[in-house]
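1. With the input below, show me the fold.
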Amino acid sequence: MRKKKIEDKVLEILGLEIQNSQRETEGFALEEWEMEEEDWMEKLVFQKIAGKLKTLHMGKVILWGILTLLAIVALYPVFFLISGSFMGKDELGACLGAVISGKQGYADFPLLPSFPTLCHYVEIFLDSPEFFVMFWNSIKITFGVLAGQLVVGTAAAWGFAKYEFPWKKGFFLIYMILMLLPFQVLMLSDYLVLDRLALTDNLWGIILPGIFSTFPVFIMYRFFTEIPDSLLESARLDGAREWQLFLYLALPIGSSGIIASMVLGFLEYWSLIEQPLTFLKEKSLFPLSVFLPDITSVSQSGMAFAASVVTFFPALMVFLGGQDYLEQGIMAGAVKE
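-> Residues are numbered from 1 along each chain as shown. Modelled structure (predicted):
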């Protein structure tokens, strides 16, 4: 009897162990299946991501190809200009004679000159005194306008950005409207005012309207509005006066906007054409941007190419030097209040 009980107990223990073993086996198989399912899902996700990345890569390649093509099209006139400035008169006559002289045939302009020469630059710098007169006129106009904008424009932008006064919004709206109007719309009224003030045929007739231009005010205004009012209040509590806030806080913090407006102003007034031709009669007052030799003859076309390169070079240097600030100015101008 006792032996029977012992055998039953042993069988019971063995049965429990077998059941536990089966459960562990089934659990291990379930876990293995779940792991296989997770691996399969991960592979599927990776495949989808890889496909999307491949599509994006192809899209970038196509986009870069289109942008490269557009850049070549945009830069070709610059290469055309530089190459023409180093070509001799005979080579220019052979390449552009059909266009300039009206001869029969087709124009053929190579990317690089066959026989490079500096004769056109020598002619400009050594044999053309009017070139230096016009170059000096361009410097007077450009830096006169920029200096005036630095004084008048920054003060106006700071006033609109941080002070409250009657009809503030109305005045600022007038500023914006004047900024949007092209020169052709205001040309007659500007001419009548300048003529009444005896400023026609005078460089001040170009400089003064540029000093009071509204566009630099708009650019600098956007940067000045980013200065926290709490910072100004803290400075006032410490005893700072209003002119100190402007000199020691507004100008340093808003320097990016000021430089951006100066870069844009240089690019605009260095290449003025319409205003000088409208308000100036004496050719001795013309800026470099209207120094256009008679390009109807092949003998003067090389000089025109060289003069254009010399005019283009300072603007290119200013643009490259202030490119980062210019981008910030464009972004600030695009932000809505």
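
2. how about the strands of the stretch 51-200 of the chain, start to end?
-> For the stretch 51-200 of the chain, strands defined by DSSP state E, counting those that start in this stretch do not occur.

3. residue ranges of the helices in it, please?
-> 89-100, 119-127, 129-162, 168-180, 183-196 (DSSP state H, counting those that start in this stretch).

4. list the helices and strands the longest one packs on?
-> Read it as helix 129-162. helix 168-180, helix 204-211, helix 215-224, helix 255-270 (3 or more Cβ pairs under 8 Å, 6 or more residues apart in numbering; DSSP states H and E). All C-beta atoms are positioned from the backbone trio N, CA, C, and that covers glycine.

5. do the same with the fourth one
-> Counting contacts by 3+ Cβ pairs under 8 Å, 6+ apart, the secondary-structure elements packed against helix 168-180 are helix 129-162, helix 215-224.

6. angle of it against helix 129-162?
-> Following axes from the mean of the first three to the mean of the last three Cα atoms, to 10 degrees, one obtains 150 degrees for the angle between helix 168-180 and helix 129-162.

7. Contacts for helix 168-180, please.
-> 160, 214-215, 217-218 (Cβ atoms under 8 Å, 6 or more residues apart in numbering).

8. Looking at the residues you listed, state which has the most neighbours.
-> V217 (27 neighbours; other Cβ atoms under 10 Å).

9. surely that residue meets A157?
-> Yes: between V217 and A157 there is a contact at 4.8 Å, judged by Cβ atoms under 8 Å.

10. Residue ranges in the stretch 201-337 of the chain under the pLDDT threshold?
-> Scanning the stretch 201-337 of the chain for pLDDT under 70 picks out 292-299, 329-337.

11. Now do the strands in it.
-> Under DSSP E, counting those that start in this stretch, the stretch 201-337 of the chain gives no strands.

12. And L126, how far from A306?
-> 12 Å (Cβ to Cβ, to the nearest Å).

13. circling back: save the helices and strands packed on helix 168-180 as JSON lines, and put in distance to F115 too.
-> Converted to JSON lines, those look like this (distance: least, Cβ to Cβ, whole Å):
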{"stretch": "helix 129-162", "distance to F115": "24"}
{"stretch": "helix 215-224", "distance to F115": "45"}
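
14. which stretch among these comes nearest L232?
-> helix 129-162 (6.9 Å; Cβ to Cβ).

15. what's the offset of that closest one from the middle of its chain?
-> 20 Å (Cα atoms, centre = their mean, to the nearest Å).

16. Quick check: buried residues in it?
-> 131, 133-135, 137-138, 140-142, 144-146, 148-150, 153-154, 156-162 (16 or more other Cβ atoms under 10 Å).

17. that older thread, neighbour-wise, which of L126 and A306 wins?
-> A306 (26 against 9).

18. which one is the more buried one nearest to, not counting chain neighbours?
-> H120 (3.8 Å; Cβ to Cβ, 6 or more residues apart in numbering).

19. these two touch, right, the one you found and G302?
-> Yes: using Cβ under 8 Å, H120 is in contact with G302, at 4.1 Å.
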